[in-house]
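1. Here is the input, now give the coordinates:
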Amino acid sequence: MHPENEPVLHVLGNVLGALGNVLSLNITRTVLNVQGPEFLDDYLLGAAHTTSNDGKWHKQLMYWMADVKEEEETYWKVANTIATILRRRCERTPSSRNSCHHGKEKIVAKFIKDISTCSAEKCHLKALEVLKNIPISASFQYARGFLCSAKYSPAVQIAALQLIKAASSKMYDAKIVAKFIKDISTCSSEKCHHKALEVLRNIPISASVEYARGFLCSAKYSPAVQIAALQLIKAASSKLYDAKLANVLIRLFRNVCPQPTTTSESQLAIDILLRCVPEQQHVATMLLRSESLNPENAEKWQYFYKAVESSAQKDELTDEFWRQMRKFKVFRPNYAHRSLEAGSHAHWQGIAEVDGYKLFSTSEVEFDLGMFKRSEFDINLKHGKVDESLFKNVEFNVR
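-> Sure thing, here's the model as predicted:
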């Protein structure tokens, strides 16, 4: 290959993938692949985003996947692309969606059977990651087989949970979820509890929240375990937050638990408590009563003020509630509250609103003693009562 042709071949690979037909696939395999395997990535990217629904092309892709079975890296790349293409095929119409979910779409059923026929754990892990792109009934049934099993590692069980999470909630079997929560939370070591909390964050239902709240404000568990518990509770619906939980979180924020509360714990507690407002009005009262002209932790209070401001921007009712609270003489803000030397903050930003759909971003940053500790950035889409995260990035300073 001449070096000057490389940019053109990358574009050509992408175009051939976007065409989505048998001829473009044959050209890719017989010509483009000879020039270099790196150009296959361009073809697969184009294929994953094509609007083509050519059934013959889908069959040829399956033959290609079978041909590269011994080339592990290429095999899973092709499988991942096929999963995306078949998902689009399933979602084309209500009829095709039902056909896929009931196993009547033969090519889809064969694809799931082929990649899930594994003997090694590594193969199962890869298959679960691929099938997350097509979370229909057959994929769901495959994933649930890894739950509550001593045979598979936490990594495989987490991958199974992530697939189940991607599926429609209509597929959830309450009994299997309840049994899994019971089994995974039966721990004797702190490390086990920590892992269980991380796994259960993928299914933040009532039973998971009840398990997590047992670790809060305790002398028995480390800050790392309490942070994992707070993250699980934060992932749950605010409908599961009751007054008893709110009171424990307020104690955490006020640093009156048996162990000193870290800045991370305080900020996560605030994230949860602000979701209780205005339904639980006593939460705001208790938080504002904790104010001081000389706060012992400027980062904690800076984050609190920014988080309140962020929640008020997000919701008009919340904004009015905090305005009314600040009108009380005892809760009026002063200069000391606005002049904290701290870097922690929370921010909400509206992006767009069309036909009842609201796109917005949230960002949270934690500093401690002037050092960066943690940041979270999230892009969400809200429609009615449904609020879905489209993209999330979390960074930690591990030093």
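
2. Please count neighbours and contacts with C-alpha atoms only from this point.
-> OK.

3. Show me what secondary structure element comes after the top helix by length along the chain.
-> Scanning the chain for the helix with the most residues, using DSSP state H, yields helix 72-90. Moving toward the C-terminus from helix 72-90, the next helix or strand (DSSP states H and E) is helix 94-101.

4. which secondary structure elements does that next one contact?
-> helix 72-90 (3 or more Cα pairs under 8 Å, 6 or more residues apart in numbering; DSSP states H and E).

5. who's in contact with the helix it packs on?
-> 44-45, 47-48, 53, 58, 61-62, 65-66, 68-69, 96-97, 99-100, 108, 115, 126, 130-131, 133-134 (Cα atoms under 8 Å, 6 or more residues apart in numbering).

6. wait, what's in contact with residue 99?
-> Counted by Cα under 8 Å, 6+ apart, residue 99 has contacts 90, 105.

7. where do the helices sit along the stretch 151-300 of the chain?
-> Remark: helices assigned in the stretch 151-300 of the chain by DSSP state H, counting those that start in this stretch are 154-166, 174-184, 190-200, 206-213, 223-235, 243-254, 263-273, 281-289, 298-314.

8. State the next helix or strand along the chain beyond the longest one.
-> Proceeding N to C from helix 298-314, the next assigned helix or strand is helix 316-327, under DSSP H and E.

9. Touching that following helix from outside, list them.
-> 277-278, 284-285, 309, 311-313, 331-333.

10. Just the buried residues out of those residues, in ChimeraX syntax.
-> Burial among these is assessed by 16 or more other Cα atoms under 10 Å; the matching ChimeraX selection reads:
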select :277,278,284,309,311,312,313
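
11. Now name the helix or strand holding residue 373.
-> Here residue 373 sits within strand 371-383, counting by DSSP H and E.

12. Okay, now the sheet partners of that strand, with direction.
-> Using DSSP bridges, strand 371-383 pairs in its sheet with strand 357-368 (antiparallel), strand 386-396 (antiparallel).

13. Centre of the chain to that strand, how far?
-> Mean C-alpha position of strand 371-383 versus that of the full chain (Cα atoms, centre = their mean, to the nearest Å) differs by 11 Å.

14. centre of the chain versus the longest helix of the chain, how much separation?
-> On Cα atoms, centre = their mean, the centre of helix 72-90 falls 21 Å from that of its chain.

15. Please produce TSV containing the helices of the stretch 151-300 of the chain, extended by mean pLDDT and distance to residue 327.
-> Formatted as TSV, the helices of the stretch 151-300 of the chain follow (pLDDT from 0 to 100; distance: least, Cα to Cα, whole Å):
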stretch	mean pLDDT	distance to residue 327
helix 154-166	82	44
helix 174-184	70	45
helix 190-200	82	40
helix 206-213	90	34
helix 223-235	92	29
helix 243-254	94	22
helix 263-273	92	21
helix 281-289	89	12
helix 298-314	85	15
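
16. could those helices go into TSV alongside distance to residue 24?
-> Formatted as TSV, these follow (distance: least, Cα to Cα, whole Å):
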stretch	distance to residue 24
helix 154-166	32
helix 174-184	45
helix 190-200	42
helix 206-213	49
helix 223-235	44
helix 243-254	59
helix 263-273	51
helix 281-289	62
helix 298-314	48
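
17. which stretch among the ones you listed comes nearest residue 122?
-> helix 154-166 (8.4 Å; Cα to Cα).

18. ok, back up a step: which among the contacts of helix 72-90 count as buried?
-> Among the contacts of helix 72-90, those buried by neighbour count (16+ other Cα under 10 Å) are 44-45, 47-48, 58, 61-62, 65, 96-97, 100, 108, 115, 126, 130-131, 133-134.

19. any low-confidence regions in the stretch 51-200 of the chain?
-> Along the stretch 51-200 of the chain, segments meeting pLDDT under 70 span 148, 169-170, 172-177, 180, 184.
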